[in-house]
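1. pasted the sequence and its predicted model underneath.
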Amino acid sequence: MADDFAKDYLHRDLREMREVMLWKLDGLSEYDIRRPLTSTGTNLLGLVKHLSLWESRYFGEVFGRPFPEPLPRWDDDAGQGADLWVTEYETREEIIARYRRVWEHSDATITALTLDSPGHVPWWPRPDVKLFNILIHLLTETSRHAGHADILREQLDDSTGTTAEYATAQHDAASRDAHRAAIERAANAAAAAAATGKD
């Protein structure tokens, strides 16, 4: 009974985080969802592509239930990092549709198995796992990238939050600049105090 509750709870949270990832794309141009927003090239649509690939592996081949579409090999060094960005030939629609197909496949695996069902992750140092480990891993991974997506989206249009319903209302430029300036003053004061050895 407790296992069923735990599985349902984790699965529900994973579903919510998946939706957050897609919501971060809403209303943005093709350029904005693809463009590199960090020095390492992190971008919104690339995060969705990355999550779809790895979720398909973790809830697929790890449990002997391979995702029915072709995937690059996990140990292909030549393709490393290709899942983190989107070429001009890949469309937003196909990336999102694939992610949704991955959800269906993953959800079927989660529903069919118990939390202690065994799996094997050949790329982990301790490869023998249970469904519980993989649910926690994917929830953590998806939440982590949802946090990345939140920061990236904020850089683009000041939008934050997990859904449109709970999005932080955009402040006018003056109040936003005043808030940022107050934080900057506090950071400068702390740095000056540290430099002089005062707390």
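-> Great, that's in hand. Numbers count the residues shown, from 1 in each chain.
2. this structure: helices as residue ranges?
-> 2-23, 30-34, 44-58, 92-112, 131-157, 173-196 (DSSP state H).
3. how much space between the residue nearest the centre of the chain and residue 172?
-> For the chain, residue 145 is the residue whose C-alpha lies nearest the centre (Cα atoms, centre = their mean; 2.8 Å). Noted for residue 145: a distance of 30 Å to residue 172, by Cβ to Cβ, to the nearest Å. Any C-beta I mention is one placed from the backbone N, CA and C, and that applies to glycine too.
4. hmm, back to that, with adjacent residues omitted, what lies nearest to the residue nearest to the centre of the chain?
-> Among residues not flanking residue 145 along the chain, residue 47 sits closest, at 4.9 Å (Cβ to Cβ, 6 or more residues apart in numbering).
5. what's the burial count for residue 101?
-> 15 (other Cβ atoms under 10 Å).
6. ugh, wrong one, I meant residue 147
-> 12.
7. check residue 113 too.
-> Residues near residue 113, counting by other Cβ under 10 Å: 20.
8. thought residue 63 was touching it, still the case?
-> Yes. If you go by Cβ atoms under 8 Å, residue 113 and residue 63 touch, sitting 6.5 Å apart.
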